[in-house]
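> quick check, what structure comes out for this input:
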Amino acid sequence: MPVRTARLAAGVHNTLNSFIQIYTCPQGRTAIVKDLRSSNAGTVATFVFWRADSGPAQTRLVSANVNPGDPSFAANCFVVLEPGDHISLFTSAAPIHYHLSGAELDGVAP
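Sure thing, here's the model as predicted:
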């Protein structure tokens, strides 16, 4: 079966000055995150920060200031997640619309 890219998560982050978990890699699978997108749906500029969390390790993926009305802030990446690893998103001023895409593969990478 061919591997296809799909939406892993999409929604709105409404919590001011905090990280929320956007996506968690399911048990028995390996996820490859390929694209992170966020757009400012509010009326003030906001700081957006994406990170990958694996156990106690937290890795900054990308961050930027996003102005109101900006169509999208995007980052093409290639991040491999193991079961239980997750992608988190921080915003300094809510709301932020987000979209995360990639692929989930059966089995756990060695």
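
> what about the residue nearest to residue 94 when sequence neighbours are not counted, how many residues nearby?
Counting by C-beta to C-beta, 6 or more residues apart in numbering, residue 94 lies nearest to residue 14, which is 4.6 Å off, once chain neighbours are set aside. C-beta coordinates here come from the backbone N, C-alpha and C atoms, glycine included. Close neighbours of residue 14, defined as other C-beta atoms under 10 Å, add up to 12.

> is residue 14 in contact with residue 98, as I believe?
No - with contact defined as C-beta atoms under 8 Å, residue 14 does not count as touching residue 98 (11.1 Å).

> from the middle of its chain, how far away would the lowest-mean-pLDDT helix or strand in the chain be?
One helix or strand of the chain scores below all others by mean pLDDT, DSSP states H and E: strand 73-81, with a mean of 84. Strand 73-81 sits 8 Å away from the centroid of its parent chain (C-alpha atoms, centre = their mean, to the nearest Å).

> please tell me how far residue 58 sits from residue 44.
Per C-beta to C-beta, to the nearest Å, residue 58 is found 26 Å from residue 44.

> repeat for residue 57
In terms of C-beta to C-beta, residue 57 sits 32 Å off from residue 44.

> for residue 68, same thing?
Separation of residue 68 from residue 44 (C-beta to C-beta): 6 Å.

> ok, the two, which is more surrounded?
residue 68 (13 against 10).

> next, count neighbours for residue 98.
Residue 98: 23 neighbours (other C-beta under 10 Å).

> ignore what I typed, I meant residue 23.
24.

> and if you look at the one 4 residues further on?
Here the count is done by other C-beta under 10 Å, and residue 27 has 9 residues near it.

> how about it: what's its closest non-neighbour residue?
Nearest residue to residue 27, sequence neighbours excluded (C-beta to C-beta, 6+ apart): residue 83, at 4.7 Å.

> cheers, nothing more for now.
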